[in-house]
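> sequence and computational prediction follow.
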Amino acid sequence: MINFLWEIYDEPGMLTIPFLIALPHLLSFFLGLFYKKFRFKKLWLTLWIVIFSALVCGYVFLVYRVVNKDFDSLLVLFFAAMFLYVFFFVVYGFWGQVFNIRKKWHWLRVPFVVVIPFFIFIILSIGYPYGEISDEPLEQEDLAASLDADYEMNLSESDAWGNDSRTVFFREKNDSVYFRFSYSMCAKAEYDSAKHAFIIRRGDGASGKWTLLDSEKSAVVRKLKKNVENYSQEYSTSRVFDGDESSVVLKDYKRKTQRRLYFPNAKISHVYDAVTIEKTFESFMPPRETYTTLSYEEVAEKCSEPVNVLVEEAVHGQQKE
């Protein structure tokens with residue numbers, strides 16, 4: 001968590017954010033002071049009310065956005081931080097009216113006008129970088145295998161060991177969008193003793209044929225492609241190291257670029273954009289009974305024995321070292 005916060009403040013420009021956040025509080029303080037000490041009281045009061053109203057409207061808008069994006073794990077922190085932000089805006093307005101420039105202890109409180117919003121900003125910044133994003137140029141062999149397509153993208157879902165793997169493929173060529181689905185179970189895992197890492201290879205399975213999509217579904221796929229292209233780093237308060245995972249690959253043959261997205265446990269990590277991408281891909285998956293007669297639990301049981309043997313071999317190998 002501390003490392004994450006230091007990453008936020010690593011660039012000098014980011015250090016100005018707490019001061020920008022503190023600006024309404026400073027204005028509230030000075031408007032309260034001007035209201036007490038100077039003429040044009042209606043002007044100072046009107047300006048204070050305008051800023052306060054803008055804050056309340058912004059608060060309502062942000063609450064609406066957060067609730068609609070289902071940030072369950074962040075709601076309590078968010079509401080607490082925003083409540084404190086508006087509360088201290090009012091407090092500083094009243095404090096400006098009682099501020100006495102001749103009293104030293106009054107001046108000692110002035111830095112808190114910036115410090116408190118700074119900590120509120122930290123509360124709103126709590127979260128771990130979620131998943132992985134990788135952008136790189138396409139290899140020549142990928143370009144040669146494009147078959148004159150504009151792009152191809154897929155989403156693969158599986159458990160942590162690559163068992164019960166489901167993959168949805170899309171390809172667009174000459175303004176026509178095609179779809180294909182493949183399934184495999186019991187991935188072939190190997191242990192690299194030199195790197196102390198497991199290597200997971202796709203298991204045996206079946207792959208469907210390319211199917212032309214209608215105009216409505218094609219529009220959904222094109223929108224999905226834009227979502228994948230525009231996806232940016234999300235943050236989550238949850239860190240789950242085991243469970244389901246998915247990966248998205250977009251090969252843009254026109255731009256000669258490739259984008260990879262890795263989404264571990266997206267649905268329980270409360271990352272709205274990642275979940276939206278996942279669910280859109282999943283909406284094209286056929287019913288489970290059309291490609292296997294086994295349930296998730298039965299597949300896990302069937303594939304567990306060779307995995308357990310492999311883990312034991314890896315543990316014994318490390319103990320010998």
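Noted; the coordinates are in hand.
> how's the chain carved up into domains?
Using automatic domain parsing, the domains assigned to the chain come out as 2-126, 130-320.
> those: lowest mean pLDDT?
With a mean of 70, domain 2-126 has the lowest mean pLDDT of those.
> what residues sit buried inside stretch 49-58?
By neighbour count with 16 or more other CB atoms under 10 Å, stretch 49-58 contains the buried residues 51-52, 55. No exception for glycine: its C-beta is placed from N, CA and C like everyone else's.
> which single one of the residues you listed is nearest to residue 252?
Nearest to residue 252 out of these is residue 55 (CB to CB; 42.5 Å).
> please identify the helix or strand for the closest one.
Using DSSP states H and E, residue 55 sits in helix 41-68.
> doesn't residue 292 belong to a helix?
No - using DSSP: H, G, I helix; E, B strand; the rest coil, the assignment for residue 292 is coil, not a helix.
> ok, now which ones touch it?
Shown in contact with residue 292 (CB atoms under 8 Å, 6 or more residues apart in numbering): 183, 185, 299.
> surely the last one is in contact with residue 163?
Yep, that's residue 299 we're talking about. Yes - the criterion here is CB atoms under 8 Å, and residue 299 meets it with residue 163 at 5.9 Å.
> more neighbours, these two?
Shown here are residue 299 and residue 163; by other CB atoms under 10 Å, residue 163 has more neighbours (21 against 17).
> surely the more buried one is in a helix?
No - secondary structure of residue 163 (three-state DSSP): coil, not part of a helix.
> could you report the separation of it from residue 154?
18 Å (CB to CB, to the nearest Å).
> okay, the contacts of residue 292 in JSON lines with secondary structure next?
Formatted as JSON lines, the contacts of residue 292 follow (three-state DSSP):
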{"residue": "183", "secondary structure": "strand"}
{"residue": "185", "secondary structure": "strand"}
{"residue": "299", "secondary structure": "helix"}
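> ok, which stretches of the chain are helices?
Using DSSP state H, the helices of the chain run over residues 2-8, 16-37, 41-68, 75-98, 104-107, 112-125, 140-144, 215-230, 266-269, 272-282, 296-320.
> which parts of the second one are buried?
If you call a residue buried by 16+ other CB under 10 Å, then helix 16-37 has these buried ones: 18, 21-22, 24-35.
> put the alpha carbons of that helix into PDB.
Output in PDB follows, covering the C-alpha atoms of helix 16-37 (Å, rounded to 0.1, in the frame of the first residue of the first chain):
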ATOM      1  CA  THR A  16       0.100  19.800  -6.700                       C
ATOM      2  CA  ILE A  17      -3.000  17.600  -6.500                       C
ATOM      3  CA  PRO A  18      -3.400  18.000  -2.700                       C
ATOM      4  CA  PHE A  19      -3.100  21.800  -3.000                       C
ATOM      5  CA  LEU A  20      -5.700  21.800  -5.700                       C
ATOM      6  CA  ILE A  21      -8.000  19.700  -3.500                       C
ATOM      7  CA  ALA A  22      -7.300  22.200  -0.600                       C
ATOM      8  CA  LEU A  23      -8.200  25.200  -2.800                       C
ATOM      9  CA  PRO A  24     -11.900  25.200  -1.900                       C
ATOM     10  CA  HIS A  25     -11.000  25.000   1.800                       C
ATOM     11  CA  LEU A  26      -8.600  27.900   1.500                       C
ATOM     12  CA  LEU A  27     -11.300  29.900  -0.300                       C
ATOM     13  CA  SER A  28     -13.800  29.000   2.400                       C
ATOM     14  CA  PHE A  29     -11.400  30.200   5.100                       C
ATOM     15  CA  PHE A  30     -10.600  33.500   3.400                       C
ATOM     16  CA  LEU A  31     -14.200  34.200   2.400                       C
ATOM     17  CA  GLY A  32     -15.200  33.700   6.100                       C
ATOM     18  CA  LEU A  33     -12.400  36.000   7.100                       C
ATOM     19  CA  PHE A  34     -13.400  38.700   4.600                       C
ATOM     20  CA  TYR A  35     -17.100  38.400   5.600                       C
ATOM     21  CA  LYS A  36     -16.100  39.200   9.200                       C
ATOM     22  CA  LYS A  37     -13.400  41.900   8.600                       C
END
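> got the angle for it vs helix 75-98?
With axes from the mean of the first three to the mean of the last three CA atoms, to 10 degrees as the basis, helix 16-37 and helix 75-98 are set at 40 degrees to each other.
> what helices and strands are in contact with helix 16-37?
In terms of contacts (3 or more CB pairs under 8 Å, 6 or more residues apart in numbering; DSSP states H and E), helix 16-37 is packed against helix 41-68, helix 75-98, helix 112-125.
> many thanks, we can stop here.
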